[in-house]
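mind folding the following:
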Amino acid sequence: MLYKSNEDLPLEIRTRLSEAYQDLYRAAFNSAIDWYGEASKAHKVALSAVKMQSAMDKSVFVWG
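Prediction:
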């Protein structure tokens, strides 16, 4: 099952993630479901993508 829009995402995802992270989750989920064919695995992949992006967003890069 592919998510065509953020409104199609599970309520838990829509209420916990910002619109930008919902976009990321949806893209990662849709890619993973095509790759693995399993919704549970695709969900884990999508959450991992969100966590990785969140960590990168919170990082401070200092160029010296």
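
for S5, give me phi and psi.
Per-residue torsions, S5: phi -150, psi 170 (degrees, to the nearest 10).

can you list the low-confidence ranges for this structure?
By pLDDT under 70, the low-scoring segments of the chain are 60-64.

could I get the full set of strands for it?
Counting by DSSP state E, the chain forms no strands at all.

what about the closest residue to S48 other than its chain neighbours, neighbour count?
Using Cβ to Cβ, 6 or more residues apart in numbering and skipping the chain neighbours, the partner closest in space to S48 is A28 (7.9 Å). In short, each C-beta sits where N, CA and C put it, glycine included. Number of residues near A28 (other Cβ atoms under 10 Å) recorded here: 20.

do the same with A39
Counted with other Cβ under 10 Å, the neighbours of A39 add up to 12.

wait, the residue nearest to S48 touches A46, no?
Yes: with contact defined as Cβ atoms under 8 Å, A28 counts as touching A46 (4.1 Å).

how about the residue nearest the centre of the chain: what's its closest non-neighbour residue?
Centroid check for the chain by Cα atoms, centre = their mean gives Y25 as the closest residue, at 1.8 Å. Of all residues not flanking Y25 in the chain, A46 sits nearest, at 4.6 Å (Cβ to Cβ, 6+ apart).
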